[in-house]
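J.: quick check, what structure comes out for this input:
(2 chains)
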There are 2 protein chains.
Amino acid sequence: MNSYFVIYGVVIISILAIIYFAKFIFNQDKGTKNMQEISNAISEGAMAFLKRQYRTIAMLSVLLLVVIVLANYLGNSSKGSSSALSIALRTGVAFIVGALCSALSGYIGMYMAVNSNIRAAAGAKKGLNKALQIALKGGAVTGLAVTTLSLFGVATLFLLYGGMSSDINIIKEAPSLIVGFGFGASFVALFAQLGGGIYTKAADVGADLVGKVEAGIPEDDPRNPAVIADLVGDNVGDCAGRGADLFESTAAENIGAMILGVALYPVFGIKGILFPLVARALGIITSIIGIFLVKVKDDNDDPMKSLEVGYVITSVLNLILLIFVVKFMLSGLNGNVNYWLLYGCAVTGIILSIIFVVVTNYYTSINKRPVKEISEACETGAGTNIIKGISVGMESTALPVVFISLAIFIAYKLGSAALPGVANAGLYGTAIATMGMLSSCAYILAMDTFGPITDNAGGITEMSGAPEEIRTITDRLDACGNTTKALTKGYAVGSAALATFLLFSAYLDEVKKILGKPLSSWFAIDIGKPEVFIAAFIGAMIVFLFSSTAIRAVGNAAQYVILEVRRQFKEIPGIMEGKAKPDYAKCVDIVTKGALKEMILPGIIVVITPIVIGILLGKEAAGGFLLVTTIAGVVMALFLNNGGGAWDNAKKLIELGAHGGKNSEAHKAAVVGDTVGDPFKDTAGPSLHVLIKLVSTLTLVFISLFR
Amino acid sequence: MNSYFVIYGVVIISILAIIYFAKFIFNQDKGTKNMQEISNAISEGAMAFLKRQYRTIAMLSVLLLVVIVLANYLGNSSKGSSSALSIALRTGVAFIVGALCSALSGYIGMYMAVNSNIRAAAGAKKGLNKALQIALKGGAVTGLAVTTLSLFGVATLFLLYGGMSSDINIIKEAPSLIVGFGFGASFVALFAQLGGGIYTKAADVGADLVGKVEAGIPEDDPRNPAVIADLVGDNVGDCAGRGADLFESTAAENIGAMILGVALYPVFGIKGILFPLVARALGIITSIIGIFLVKVKDDNDDPMKSLEVGYVITSVLNLILLIFVVKFMLSGLNGNVNYWLLYGCAVTGIILSIIFVVVTNYYTSINKRPVKEISEACETGAGTNIIKGISVGMESTALPVVFISLAIFIAYKLGSAALPGVANAGLYGTAIATMGMLSSCAYILAMDTFGPITDNAGGITEMSGAPEEIRTITDRLDACGNTTKALTKGYAVGSAALATFLLFSAYLDEVKKILGKPLSSWFAIDIGKPEVFIAAFIGAMIVFLFSSTAIRAVGNAAQYVILEVRRQFKEIPGIMEGKAKPDYAKCVDIVTKGALKEMILPGIIVVITPIVIGILLGKEAAGGFLLVTTIAGVVMALFLNNGGGAWDNAKKLIELGAHGGKNSEAHKAAVVGDTVGDPFKDTAGPSLHVLIKLVSTLTLVFISLFR
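T.: Model (predicted):
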């Protein structure tokens, strides 16, 4: 079948590109011995963390696997015991494969990051372009690996579970069976993002509070025992965490779109189910092209501009290629569907992704009103800084929600117009929009991983005492990396937000199937019923409770670091004079243990609550819970991400000389805002992205248990 | 009819009690000339603010009146032009009466507060009990006036609009017509709470930042030009604002319960519609008794204990009296209803109100885990203090939501069990629970107004340089007042939360009527429809946007104060030496103008959005918006109130000597938390209480316009 050739062809092309980029990285110079020592310490710490984190997640996953298999066996027992066993086992296998792939994505992201950072630092000696190429291509390996793995996993499971079957009913069942894959991915991503997010900020806050504030030594100073842990944190949070996050995003949204595609089988045949896979496959190709085209002419060129050019090229290529994909896949079995209207849905998704990047940029960028306002508020102290930052963060939820609403509405109407009288047509329109938005995912992820690589390159340059001109280059790349990190967070929350309606509707379709209703019928989740109302209420609250525990976890884990750094300063003589080396490994070890311990509670809360609500209050209530948790989660994530990003850059603005510059009273106030913003934007916010999709894949997997 | 005798009898008793308490206040000593001068300045400033605020609100109200009359005329035009005109005019009249009564409530609250504070300060010379009696009875006048006015207004409008008619259809229409009363009350309350909340915190923050931080003079120091404005603020925010807030709470919830009562007309007759009025009437009597019983034995007695005793007595009396009310009103026309089950609903409401007070107390009280944790976090600086406070505030949403959910569920099930097979029975159960919760409203409001009276008494004592032992008494009362303010905020948000389901259901009943469906039928608000989903999404966002603008308004208005205080310090020679008097009136004037200007934007946002959504997306979408705005509003209000209260008391705990005590580094960090918490708990949080009910009365009033 043509579609599979495209999909697996792209997988092969992507693997070749990954090998090419990886070879490019590993052929680069690794710099001085001093730099390598630092880099090795980071690498060891990061890998040690990942190893232990994966062990914890593996134990939780096995526990959950048993529950999933049992739940699906018991929940489907009415279908006869062998059929129930088959459903249970296949869902279980999908879960484990999803979990493994997600973990592998995180591992690859981390492995490439710790190997690229030192080379980017060394490459800076040869100029800005060299360093940029290394950092971006390091990121590209992650971006391509994550998206390709997700494409390969979903496509292959679909095939194995009957995607090529001649029996239409088997084909129609397949997407529901691979929901387990999405859930496995979400489950691992939740803990990866939580654990990594807690680690990175606990190390950061701990290192800063004792190092900068108490001992008065600068950031990234080798005398600070927590400095390596801090650098490790950038990798485990931003690379491993975000890799797993976007892996599960693409998987969950892809599967959700396929489930909706089942309802349109009479119109599109199998092509309607495969469209999401093909659309994403072509997005991988355009991202590779975009990545190849990024370069700066000389050291004075703006690296951010060149990254933007790559993004624009990728988006434009997607706009063009999607015409053909939509025409080929979605003209209908009789060729009578107005596919241009459906193409309009894809365009809506691409435009929405650009709008999200622009709005995020507005709220977090140094030369725009919000950040300027916050830095001004620093002049009257930390209190007014925090007040203004919270106000800006809350305000920043407005435009994105308005645009998401518009996009959902437009895509829904276009879908309905293209397929008049067809059930689920509008919903499928929003699914197409989501795929449009996801088409640039590989490029975005490459830009995102670029951030921690340049951040670490800067750290290594600083710690190894490299000359001024090299540090200027890594500093410029680092600043550029901060921007890309903020923008990709906007993209991540935007795609999650657009997908909420899609995933919610996929849940409704599953409910209909279980109730034995035709997919073309309507199943209403009526919020006038007390169970649904209560579930919705609890859904809003869970978002606050989850954020609370995630934020608190950072504080708790940072306490362990603070105590350890203080102990080393006291017990190891000569640290402050640079005569004795601090025990970096001990700090890394302590943050690792602390982060892993603290990630359990918030993780458990979001896994248990929907199951309990479904069992006690029923399917309709679980739908209400799902709806409110996802929309409140999106709004809260926007608040936390943008508020945190704005505080970060308000501090940067002051450090660049505004309102008295570094070490002024305004700067001290700005540091407080930055400290508060850290767990917002790097722990709670990104974990909420995962939560949004986890709740929907989770309710889908456990739906047979619900009353 | 018996019910009306009870209602108007209670109104007369309450008026007598008000006169008695007011006489008691005005017969008290007014203290020294110095004290009177300060008190007069506060009184003048407060009245000047109220006058100007009411002028602004009046203009907005007249504008809205025109819109309401037009909208209801056009929306009901299908019923024939004279019928439409009658509905439009009666809704308009109800709106204006509601607005006037709400304004009057605020005025009375403020008038009594500014007259009680000086007498409480003077009374402190005669001992703790005297001061306590004056402050509480001053508060009692407000509490009784507000609740009685609301009772009288709703009852009388109901009578005038056909409550005694012999035509059943006219009786059934009446509750819907008086929704305008609730909307008028909510509308005024929103601006009263916003304007007052912005005023009080702008003055507070402004006075502190320039006075305490820049000039280094203590709080309530007469050399600070903003000190009178600060004291005025306590009155306009806590008295006028809260008075209007609870007026509209009782009115809106009462009317919502009456609308639901209409559906049960076949079972209870008119008694089901009048029950909410009678239940509240008896609550006024029990509150009067409770207030009379509050006293302390000597100066060493704990005033908080005695206030709690009064609250417990009021609650126990309500528990007893409600047995008779429920038996008399809700035994059914055939006397075959198991009224004990319905009494169980009322008990659920009373227990919920106690639980809310206990949980709020846990999260904001000095000797419990949350506040202790926050004050500990102050040791590592302002950043960790803010992080911990936000985490605690978010966590504090969990228990209340769980208990509200339980209460709604229990009341619904009891209601359904008492009236098997009767439509809306479960809903009516939640209405009974809400009335149970509201039965202690007058007492709670007396305790609440007690807060700002004692706060002002403390300020007057401080400024007039009264001797140490008197200041000790007013300080103790002030601390006690801070606790009552926090607890009553918990009660206010709790009753709003319990009422959300009731008000939401009242909206559904109105939709059914307009669609010509029988009330016993079911109208589903289906969140699977894109319009509803989008409206829900925007509903969650509006809560964040509203909070943002409210918090930002405080910062903006504070800026005006800061500039003015700085100007006076610079331009009036001799202020700092105490030789020249600052220009207090100028500061009062500037905060007034600033607060009134800044209250417009957040107010407009919440009034316009639901109307636009209803017109563009239709009735069902407006229902989705209503649902999510109310539940997200409750959760956000809990977060803001409890977080703010906890920061406030964490600072107090340190000032009492913990973690280094006053002027330590920990104390400085704690001050930052307190500054951030101020607009949370005194501006945005309480305004959200109003918003929750405003959105539902507003959608009810404009429903005929919705698609």
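
J.: quick one: contacts for A:L691?
T.: By CB atoms under 8 Å, 6 or more residues apart in numbering or on different chains, the residues touching A:L691 are A:190, A:543, A:546, A:606, A:629, A:633. (Each C-beta comes from the backbone N, C-alpha and C, glycine too.)

J.: what about it, distance to A:V628?
T.: From A:L691 across to A:V628, the span is 13 Å (CB to CB, to the nearest Å).

J.: can you give me the helices in the stretch 601-707 of chain A?
T.: Ranges of helices within the stretch 601-707 of chain A are A:619-655, A:665-679, A:685-702, based on DSSP state H, counting those that start in this stretch.

J.: between those, which gets nearest to B:L260?
T.: B:L260 lies closest to helix A:619-655 among the helices of the stretch 601-707 of chain A, at 21.1 Å (CB to CB).

J.: can I get the contacts of A:L691 in JSON lines including distance to chain B?
T.: JSON lines is the format used below for these (distance: CB to the nearest CB, whole Å):
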{"residue": "A:L190", "distance to chain B": "18"}
{"residue": "A:V543", "distance to chain B": "8"}
{"residue": "A:F546", "distance to chain B": "9"}
{"residue": "A:V606", "distance to chain B": "13"}
{"residue": "A:T629", "distance to chain B": "11"}
{"residue": "A:G633", "distance to chain B": "9"}
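
J.: restricted to buried residues, select those residues in ChimeraX.
T.: To isolate the buried ones among the contacts of A:L691 in ChimeraX, judged by 16 or more other CB atoms under 10 Å in any protein chain shown, type:
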select /A:190,543,546,606,629,633
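
J.: as TSV, the contacts of A:L691 with pLDDT and distance to A:V62 would be great.
T.: Converted to TSV, the contacts of A:L691 look like this (pLDDT from 0 to 100; distance: CB to CB, whole Å):
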residue	pLDDT	distance to A:V62
A:L190	90	16
A:V543	96	28
A:F546	95	24
A:V606	90	19
A:T629	93	26
A:G633	95	27
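
J.: closest one of the contacts of A:L691 to B:A595?
T.: Nearest to B:A595 out of these is A:V543 (CB to CB; 31.8 Å).

J.: how many neighbours does the residue nearest to that closest one when sequence neighbours are not counted have?
T.: Sequence neighbours aside, A:A632 is the residue nearest to A:V543 in space, at 4.4 Å (criterion: CB to CB, 6 or more residues apart in numbering or on different chains). By other CB atoms under 10 Å in any protein chain shown, the residues close to A:A632 number 31.

J.: doesn't B:A632 make contact with A:A632?
T.: Yes - with contact defined as CB atoms under 8 Å, A:A632 reaches B:A632; the gap is 6.1 Å.

J.: which residues do those two both contact?
T.: Shared contacts of A:A632 and B:A632, counting by CB under 8 Å, 6+ apart, come down to A:540, B:540.

J.: give me phi/psi at the residue positioned nearest the centre of chain A?
T.: Closest to where the C-alpha atoms of chain A average out (CA atoms, centre = their mean) is A:D245, at 3.5 Å. Taking degrees, to the nearest 10, you get phi -60, psi -50 for the backbone angles of A:D245.

J.: what does stretch A:75-94 contact?
T.: So stretch A:75-94 is contacted by A:65, A:68-74, A:157, A:161, A:177-181, A:184, A:701-705 (CB under 8 Å, 6+ apart).

J.: so which bits of that stretch are buried?
T.: By 16+ other CB under 10 Å, the buried positions in stretch A:75-94 come out as A:75-76, A:84-88, A:90-94.

J.: poorly predicted segments of the stretch 501-650 of chain A, please.
T.: Filtered on pLDDT under 70, the stretch 501-650 of chain A yields the residue ranges A:518-524.

J.: residues from it in reach of chain B?
T.: Those residues of the stretch 501-650 of chain A that sit near chain B, judged by CB under 8 Å from any CB of the partner chain, are A:501, A:504-505, A:508, A:522-528, A:530-531, A:533-534, A:536-538, A:540-541, A:544-545, A:547-549, A:551-552, A:554-555, A:558, A:562, A:623-624, A:627-628, A:631-632, A:634-635, A:639.

J.: 7 Å - rerun?
T.: Residues of the stretch 501-650 of chain A that fall close to chain B, judged by CB under 7 Å from any CB of the partner chain: A:501, A:505, A:508, A:524-528, A:530, A:533-534, A:536-538, A:540-541, A:544-545, A:547-548, A:551-552, A:555, A:627-628, A:631-632, A:635, A:639.

J.: do the same with the stretch 251-400 of chain A
T.: Within the stretch 251-400 of chain A, the positions adjacent to chain B are A:377, A:380-384, A:386-388, A:390-391, A:394-395, A:397-398 by CB under 7 Å from any CB.

J.: try it again with 10 Å
T.: Proximity of the stretch 251-400 of chain A to chain B (CB under 10 Å from any CB of the partner chain) is limited to residues A:373, A:376-377, A:380-400.

J.: tell me which of those residues fall in helices.
T.: Residues of these located in helices (DSSP state H): A:373, A:376-377, A:382-395, A:398-400.

J.: quick check: chain neighbours aside, which residue is closest to the residue in the stretch 51-200 of chain A that chain B sits nearest to?
T.: Closest approach between the stretch 51-200 of chain A and chain B, counting by CB to the nearest CB: A:I198, at 12.6 Å. Closest residue to A:I198 apart from its sequence neighbours, by CB to CB, 6+ apart: A:A595 at 4.2 Å.

J.: how about A:Y560?
T.: Nearest to A:Y560 is A:G594, by CB to CB, 6+ apart, at 4.3 Å.

J.: quick one: secondary structure of the one you found?
T.: Following DSSP: H, G, I helix; E, B strand; the rest coil, A:G594 is assigned to helix.

J.: list the contacts of it.
T.: Contact partners of A:G594, counting by CB atoms under 10 Å, 6 or more residues apart in numbering or on different chains, are A:198-199, A:202-203, A:206, A:553-554, A:556-561, A:564.

J.: then A:T434?
T.: A:249, A:253-254, A:256-257, A:260, A:276, A:279, A:345-346, A:348-349, A:352, A:407-408, A:411, A:495-503.

J.: what about A:E577, which SS state?
T.: From three-state DSSP, the assignment for A:E577 is coil.

J.: contacts only, for it.
T.: Contacts of A:E577 (CB under 10 Å, 6+ apart): A:R223.

J.: over to the one 5 residues further on?
T.: Under the criterion of CB under 10 Å, 6+ apart, the neighbours of A:P582 are A:222-228, A:565, A:568-569, A:572, A:574-576.

J.: helix/strand/coil for it?
T.: Assignment for A:P582 (three-state DSSP): coil.

J.: give the closest residue to it in space, chain neighbours not counted.
T.: Closest to A:P582 by CB to CB, 6+ apart is A:P225, at 3.6 Å.

J.: could I get the pLDDT score of the one you found?
T.: A:P225 carries a pLDDT value of 85.

J.: give me the distance between A:F5 and chain B.
T.: Distance, A:F5 to chain B, by CB to the nearest CB, to the nearest Å: 35 Å.

J.: which element is that residue on?
T.: helix A:2-26 (DSSP states H and E).

J.: other SSEs contacting that helix?
T.: helix A:81-123, helix A:128-158, helix A:270-292, helix A:303-329, helix A:441-463 (3 or more CB pairs under 10 Å, 6 or more residues apart in numbering or on different chains; DSSP states H and E).

J.: helix or strand: which one has the residue of the stretch 51-200 of chain A closest to chain B?
T.: Using DSSP H and E, A:I198 falls in helix A:179-207.

J.: that helix relative to helix B:382-395, how many degrees between them?
T.: Counting by axes from the mean of the first three to the mean of the last three CA atoms, to 10 degrees, helix A:179-207 lies at 150 degrees to helix B:382-395.

J.: hang on, A:N40 packs against A:G31?
T.: No - counting by CB atoms under 10 Å, A:N40 does not reach A:G31; the two are 11.6 Å apart.

J.: so which of those two has more stuff around it?
T.: Neighbour count, other CB under 10 Å: between A:N40 and A:G31, A:G31 has more, with 23 against 12.
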